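Q: Dropping a prediction and its sequence here:
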Amino acid sequence: MEFSWIKNKFGIERKPIKIGLALSGGAALGLSHIGCLKAFEEADIKPAVISGTSAGAIIGGMYCSGMSIEEIEEIALSIDRMKTFNLFTPTIKRGALIKDDNILNFFREHLGDTKIEDLDIPFVAVSVDIESGETVYMNKGSLIGAIRASISIPGIFPPFISNNRLLVDGGLRSNLPLEVLNSYDLDRIVGVNVLKNSQLKMKSCYDTIDLQNLPTEENEHNILEKINKVVRGDKKNQFQFPPLMKSLFNSLQILLAESSQREIEIVQPDLVINIDVSDFQLWEFWEARKLINIGYKTTKEILQKSESIKILYR
């Protein structure tokens, strides 16, 4: 086995202990969880429980259902740009930008009518009741329903209706679902966070606000001049606003990153594996191969450290 060094690092064979694994949300970035689980398997580490939010719920749910890493990876690699568009078909109905018909059919194709309580590994998906603000932990019932609820980004997907609740993406309150793992009899808690974005400073600062460059009625009243500027590509002294979807997803990424960090600080897990995939966008599902490789390499490097071995083995 590639990780045979674990058995002789300290001159003795070390046995895995009961580990709870939390997989964060992060849309397409969550495909790197596949590489993480691949490295865990090579190290002979099998989680006793997996919790997942949004993308983490998808990958975690598939893995807990008994699908092999190779099967999950094959599914991820089959998603190209066209399939991404087909899965996330735009709509303007039900208060959302994307309808859920195709994504639900995708889940049914690969997971069938599986019940969470029948999974090979105990699993919890996380969502939020949009009306009460409660965090909802789903560890029984339809696996597809739990995953669908957990990925319901407000405004992007319609809320998922279950037991008279309107459920949305768990990332609003628990993007890295560590706290729920405290409810299980575990030796260690490990989190895998795909929103450790080196480009996000995630801190506060003071700044001076300048109003002098704001457009005024005097210099922007002529609509033809505005159009001419766009046609000419006149960017002089103009701040270039990002496209609507990029602004939306950047806002989402900041929210989710903050949610993950807050839970890390509260729970203080034994190990956090931060996977930096900040070179990719939340919607780039067609970059699965690169994302999986980054998740694998990052996790493997961390597991090779003596500190990690002492945490995960005895």
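A: Everything's here; your move.

Q: Run through who's touching the helix ranked longest in the chain.
A: If you go by DSSP state H, the chain has its longest helix at helix 244-267. For helix 244-267, the external contacting residues (C-beta atoms under 8 Å, 6 or more residues apart in numbering) are 24-27, 153, 155-156, 171-179, 181-182, 189, 191, 193, 195-197, 200, 202, 241-242, 272, 281-283. The way it works is simple: take the backbone N, C-alpha and C, and place the C-beta from them, glycine included.

Q: Select from these every entry located in helices.
A: Mapping those onto helices (DSSP H) picks out 171-174.

Q: Quick one, which of the residues you listed are buried?
A: Among the ones in helices among the contacts of helix 244-267, those classed as buried by neighbour count (16 or more other C-beta atoms under 10 Å) are 171-174.

Q: In PyMOL, select just the buried ones from the contacts of helix 244-267.
A: If you want just the buried ones from the contacts of helix 244-267 in PyMOL, going by 16+ other C-beta under 10 Å, the selection is:
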select buried, resi 24+25+26+27+153+156+171+172+173+174+175+176+177+178+179+181+189+191+193+195+196+197+272+281+282
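
Q: So which of the contacts of helix 244-267 belong to strands?
A: Among these, DSSP state E puts 189, 191, 193, 272 in strands.

Q: quick one: which of those is nearest residue 35?
A: residue 193 (13.9 Å; C-beta to C-beta).

Q: burial count for the closest residue in space to residue 179 that isn't next to it in sequence?
A: Residue nearest to residue 179 in three dimensions, not counting chain neighbours: residue 267, with 5.4 Å by C-beta to C-beta, 6 or more residues apart in numbering. Neighbour count for residue 267, taken as other C-beta atoms under 10 Å: 19.

Q: State the pLDDT value of residue 267.
A: Listed pLDDT for residue 267 reads 94.

Q: Quick check: beta-bridge partners of residue 274?
A: residue 193 (DSSP bridges).

Q: so what's it up against?
A: Contacts of residue 274 (C-beta under 8 Å, 6+ apart): 193, 196, 298.

Q: Residue 172 too?
A: Contacts of residue 172 (C-beta under 8 Å, 6+ apart): 128, 154, 255, 259.

Q: can you list the residues you listed in CSV and add pLDDT?
A: Formatted as CSV, these follow (pLDDT from 0 to 100):
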residue, pLDDT
128, 96
154, 88
255, 85
259, 86
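
Q: Which strands or helices does the helix or strand where residue 60 lies pack on?
A: Here residue 60 sits within helix 55-64, counting by DSSP states H and E. With contacts taken as 3 or more C-beta pairs under 8 Å, 6 or more residues apart in numbering; DSSP states H and E, helix 55-64 sits against strand 19-23, helix 32-42, strand 49-53, helix 69-77, helix 101-111, strand 123-129, helix 143-150.

Q: I would like the residues contacting it, please.
A: Taking C-beta under 8 Å, 6+ apart as the rule, helix 55-64 contacts 21-31, 33-34, 37, 50-52, 69, 71-72, 75, 110-111, 119-123, 125-126, 143, 146-147, 150-151, 170, 176-177, 192, 194.

Q: run the last query once more with 7 Å
A: Identification of contacts with helix 55-64 by C-beta atoms under 7 Å, 6 or more residues apart in numbering yields 23-27, 30, 33-34, 37, 50, 52, 72, 110-111, 119-121, 123, 125-126, 143, 146-147, 150-151.

Q: Next: stretch 127-143.
A: Applying C-beta under 7 Å, 6+ apart, the external contacts of stretch 127-143 come out as 61, 65, 111, 114-117, 123-126, 146, 149-150, 152, 154, 159, 165-170, 172-174, 180.

Q: What residues sit buried inside it?
A: For stretch 127-143, burial by neighbour count (16+ other C-beta under 10 Å) applies to 127-130, 135-139, 142-143.

Q: of the residues you listed, closest to residue 42?
A: Using C-beta to C-beta, residue 143 is the member of the buried residues of stretch 127-143 that sits closest to residue 42, with 26.0 Å.

Q: mind checking how far that closest one is from residue 65?
A: Distance, residue 143 to residue 65, using C-beta to C-beta, to the nearest Å: 7 Å.

Q: hey, what's in contact with both of these two?
A: Residues touching both residue 143 and residue 65 (C-beta under 7 Å, 6+ apart) are 111, 114.

Q: what angle sits between the longest helix of the chain and strand 188-193?
A: 160 degrees (axes from the mean of the first three to the mean of the last three C-alpha atoms, to 10 degrees).
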